[in-house]
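Asks: Fold the following for me, if possible:
(one chain, ligands or ions: 1)
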Amino acid sequence: MMEKIREGDDVLLYLDKRRSYLVRVEKEKELHTHRGYLSVGSLIGKEYGARILSSRGVEFVAFKPTIRDYVFKISRRTQIIYPKDIALIIFYSGVGPGSRVVEGGTGAGALAAALASYVKPSGRVYSYEIREEFLEVAAENLRRVGVADYVELKMGDDGGDRGEGGGRRHPGLGDPLACRAPRL
Ligand SMILES: C[S@@+](CC[C@H](N)C(=O)[O-])C[C@H]1O[C@@H](n2cnc3c(N)ncnc32)[C@H](O)[C@@H]1O
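Replies: Sure thing, here's the model as predicted:
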């Protein structure tokens, strides 16, 4: 049986290749779009993949969001690492369940969220960021994706500009995966 949509879940309301909306399901919530408004609460109890009509009779599909969907939609104040590059990083690095990874430059937490979803439940991501305001945004994004328990956010310099690399500067944390290009 397909998983059912519950109150408090995030759903991706898909209209077409260019337009989709990531929304939290709440009883009285409406989503207003240029194609009419949708009663988001009416999805409660329906299966993922359900179709929903807007007030103008336009069909949307309610999907369970993937990490890729979150990466594109999360709030950001920095440039993020995009899914194509995240896929390469994960593919080439061999990161998997149980890995302990050090990331330099948390930013909005897009890469950290993706890495966490691969290393969980026993692995950890340790992510360094020098700007406190970015760490706050990242913490919220990681909570929304549901992977905050697998990421330790660390305020501080990752050591990359001195050629040290996060892993070497903080021995014992994990396999260094330097993602922020050092300043040359
Ligand atoms: C391009 S963003 C990172 C994107 C992030 N990995 C993501 O996927 O959302 C680069 C980040 O590196 C941070 N940064 C720059 N120098 C740093 C340093 N020496 N140590 C730690 N973070 C640093 C910046 O503040 C910025 O947030």
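Asks: rest of the way, CA atoms for contacts and neighbours
Replies: Will do.
Asks: so which strand or helix has the closest residue in space to residue 110 that isn't next to it in sequence?
Replies: Distance criterion Cα to Cα, 6 or more residues apart in numbering; nearest residue to residue 110, sequence neighbours excluded, is residue 71 at 5.3 Å. Assessed by DSSP states H and E, residue 71 sits inside helix 67-73.
Asks: go on, residue 61?
Replies: Under the criterion DSSP H and E, the helix or strand holding residue 61 is strand 59-63.
Asks: Give the pairing partners of that strand; include direction for each.
Replies: With DSSP bridges as the test, strand 59-63 is paired with strand 10-16 (antiparallel), strand 51-53 (antiparallel).
Asks: Go through the host helix or strand of residue 127 and flag the buried ones.
Replies: Assigned by DSSP H and E, residue 127 falls within strand 124-129. By neighbour count on 16 or more other Cα atoms under 10 Å, the buried set for strand 124-129 is 124-129.
Asks: Please identify which of these is nearest to the ligand.
Replies: residue 129 (3.7 Å; Cα to the nearest ligand atom).
Asks: List the residues that contact that closest one.
Replies: Going by Cα atoms under 8 Å, 6 or more residues apart in numbering, residue 129 touches 104-107, 135, 153-158.
Asks: Repeat the analysis, applying 7 Å as the threshold.
Replies: Residue 129 sits next to 104-107, 135, 154-157 when contact means Cα atoms under 7 Å, 6 or more residues apart in numbering.
Asks: Near the ligand, list only the ones from these.
Replies: Filtering the contacts of residue 129 for proximity to the ligand by Cα under 6 Å from any ligand atom leaves 104-107, 156-157.
Asks: May I see the ChimeraX selection of the buried members of those residues?
Replies: Provided next is the ChimeraX selection string for whichever of those are buried by 16+ other Cα under 10 Å:
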select :104,105,106,107,157
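Asks: got TSV for the ones next to the ligand among the contacts of residue 129, with secondary structure too?
Replies: What follows is those, written out as TSV (DSSP: H, G, I helix; E, B strand; the rest coil):
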residue	secondary structure
104	strand
105	coil
106	coil
107	coil
156	coil
157	coil
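Asks: Go through the ones next to the ligand among the contacts of residue 129 and name the one with the lowest pLDDT.
Replies: Note: of these, the lowest pLDDT belongs to residue 157, at 86.
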